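Asker: Predicted coordinates and the sequence they were generated for:
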Amino acid sequence: MRDGLVEKELIEEFLMAINALIGKACWGIAAGPNMGSVIDLELGEKIPLRQPGSSALTNDLCYYRGEYTVMIECSWRLDAKDRVICGWAESNLEDGVLSHGLQLVLNQTVENVTVDPVTFDFSLYFSNALTLRGFCDQTDASAQSDNYTLFTPRYSYVITKKSNLTREERDLD
């Protein structure tokens, strides 16, 4: 159960932070065989990395990080208005359904964001009428994964097991 002024203020702060994605373009997506069903969306300004990343990444992802990054570890699905495009459990091979589907949000702008303030399930609505939905299904305390993390210029907001919210200062070194 959530209670207390501090927690309420943190939830409001997180909701403001995730709404800052509105108007930001998704210029990079990390997904595929090396990541399982986890995906990273890079949005907003391109921030140069101090050290180049893995050569397995695209050129942009090798040298830049997003002003905002959404790392999704929970179940997710990408929807069009009339059909499901792909989801977390599909083939993540380079030519698989997951990789092809996610390419559809590249260079698209986030037009709206909704977040359930209890479960933190979310929907990102893109300019091409696609919607990326995250379902916070990580509930086992012994599991290795969280649900998702929103990296902002100053903080990392982590939706942990059982949809608990934490905030950490970002170490950008």
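Answerer: Arrived safely.
Asker: Send me whichever strand or helix holds V158 as PDB with only the CA atoms.
Answerer: Element membership of V158, judged by DSSP states H and E, is strand 155-159. Coordinates of the C-alpha atoms in strand 155-159 are reproduced here as PDB (Å, rounded to 0.1, in the frame of the first residue of the first chain):
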ATOM      1  CA  TYR A 155      17.300  11.100 -12.200                       C
ATOM      2  CA  SER A 156      16.500   7.400 -12.900                       C
ATOM      3  CA  TYR A 157      13.000   6.400 -11.900                       C
ATOM      4  CA  VAL A 158      12.700   2.700 -11.500                       C
ATOM      5  CA  ILE A 159       9.500   0.800 -11.300                       C
END
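Asker: What is that strand packed up against?
Answerer: helix 5-19, strand 148-151, strand 165-169 (3 or more C-beta pairs under 8 Å, 6 or more residues apart in numbering; DSSP states H and E). Heads up, the C-betas are built off the backbone N, CA and C, glycines and all.
Asker: Next, the angle helix 5-19 makes with the last one.
Answerer: On the basis of axes from the mean of the first three to the mean of the last three C-alpha atoms, to 10 degrees, strand 165-169 is oriented at 70 degrees to helix 5-19.
Asker: what's the spacing between strand 165-169 and its chain's center?
Answerer: Strand 165-169 sits 15 Å away from the centroid of its parent chain (C-alpha atoms, centre = their mean, to the nearest Å).
Asker: residues in contact with that strand?
Answerer: Residues outside strand 165-169 that contact it (C-beta atoms under 8 Å, 6 or more residues apart in numbering) are 7, 10-11, 13-14, 120, 154-160.
Asker: What strands flank that strand, and is each parallel or antiparallel?
Answerer: Using DSSP bridges, the strands paired with strand 165-169 are strand 155-159 (antiparallel).
Asker: Quick one: the strands in this protein, in order.
Answerer: Counting by DSSP state E, the segments of the chain that form strands are 25-32, 36-48, 64-72, 75-79, 84-87, 108-115, 122-126, 131-135, 148-151, 155-159, 165-169.
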